[in-house]
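**Student:** here is the input, now give the coordinates:
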Amino acid sequence: MSLSERQNQILNWVQQVDYLSIETLVTRFDVSSQTIRKDVNHLAELHLIRRQHGGITLMSTAENLPFDNRQYLNGGAKQKIAEILVAQIPDGASLILGVGTTVEYVAKALEHHKDLQVFTNNLTVAGILCAFPGIQVRMTGGKLRHSHRDLVGEGAVEQLRKYYFDFGIIGCGGLDETMGVLDFDPEEAAISRVIIEQSRTSVLVCDQHKWGRKAMARVSPFSHINQFFTDVLSEQQSALLQQHNVQLNLID
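**Tutor:** Next up is the predicted model:
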């Protein structure tokens, strides 16, 4: 199941402004209130938004959307981001793949690579890579987060500190022009921080809709990111990242 373009836009909008009324949505998309209510009902049934007082509100800023639900979001952009990234990864490289659905797309795009060594705390990534015999896979220990299908906590962090990778690839919960890279859970943010620290090249992958999302746990400033793969940047966002010496890679 996938979301329509309008449903994607509604979801990404509410994650930036906290609350949207049905009337505001009708005006913005120039459709009937019945059409908007169908969209809202569909998003609510998938537990992507909450209905509240004649409108909709975002999920709690203290937690990300469940993994299964995040898979619905902006899949086309995530796949293209993954494709342009893996084209730059040579055979024989070592990688650490973190959490997030965009990182899952990166794992799928590695299908034809050979002699890679991949470390991950992401159970879905590990499952994908099981089908690729040219890739050697190691997993961290740690505490299982059932709904996110990953391993976090001190066990995972300490194990990652024993290695140094060619590429460390992370997703994120949000991007803030002042605070940098954000996530929803402090344990998830800790994993991403150590991936950045233990990699020769730190790589951030996410789509444009992460800008302005109200994730509360800080991962790192932009200055700690070497490469950023995304779909769209405003002139202001591009200039900001270039000030921090981030190499930008945009999909066509």
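
**Student:** which residues in the stretch 1-150 of the chain form helices?
**Tutor:** Remark: helices assigned in the stretch 1-150 of the chain by DSSP state H, counting those that start in this stretch are 5-17, 22-29, 33-45, 67-70, 75-86, 101-109, 123-129.

**Student:** same for the fifth one, what does it pack against?
**Tutor:** When contacts are defined as 3 or more CB pairs under 8 Å, 6 or more residues apart in numbering; DSSP states H and E, helix 75-86 packs onto helix 101-109, strand 199-205, strand 227-230. For the C-beta atoms, the positions are set from N, CA and C on the backbone; glycine is no exception.

**Student:** show me how far it is from its chain's centre.
**Tutor:** Offset of helix 75-86 from its chain centre (CA atoms, centre = their mean, to the nearest Å): 12 Å.

**Student:** can I get that helix as CSV, trimmed to CA atoms?
**Tutor:** Provided in CSV are the C-alpha atoms of helix 75-86 (Å, rounded to 0.1, in the frame of the first residue of the first chain):
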residue,chain,number,x,y,z
GLY,A,75,9.5,5.8,-1.5
GLY,A,76,10.3,7.1,-5.0
ALA,A,77,12.7,9.8,-3.7
LYS,A,78,14.3,7.4,-1.2
GLN,A,79,15.0,4.8,-3.9
LYS,A,80,16.7,7.4,-6.1
ILE,A,81,18.8,8.8,-3.2
ALA,A,82,20.0,5.2,-2.5
GLU,A,83,20.9,4.6,-6.2
ILE,A,84,23.1,7.7,-6.5
LEU,A,85,24.8,6.9,-3.2
VAL,A,86,25.7,3.3,-3.9
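
**Student:** which residues touch it?
**Tutor:** Outside helix 75-86, the residues that touch it by CB atoms under 8 Å, 6 or more residues apart in numbering are 2, 101-102, 105-106, 108-110, 113, 169, 203, 205-208, 229-231, 249, 251-252.

**Student:** can you do 6 Å?
**Tutor:** For helix 75-86, the surrounding residues in contact (CB atoms under 6 Å, 6 or more residues apart in numbering) are 102, 105, 106, 109, 110, 205, 207, 229, 231, 249, 251.

**Student:** any figure for the gap between the last one and residue 155?
**Tutor:** The one in question is residue 251. Distance of residue 251 to residue 155, given as CB to CB, to the nearest Å: 36 Å.
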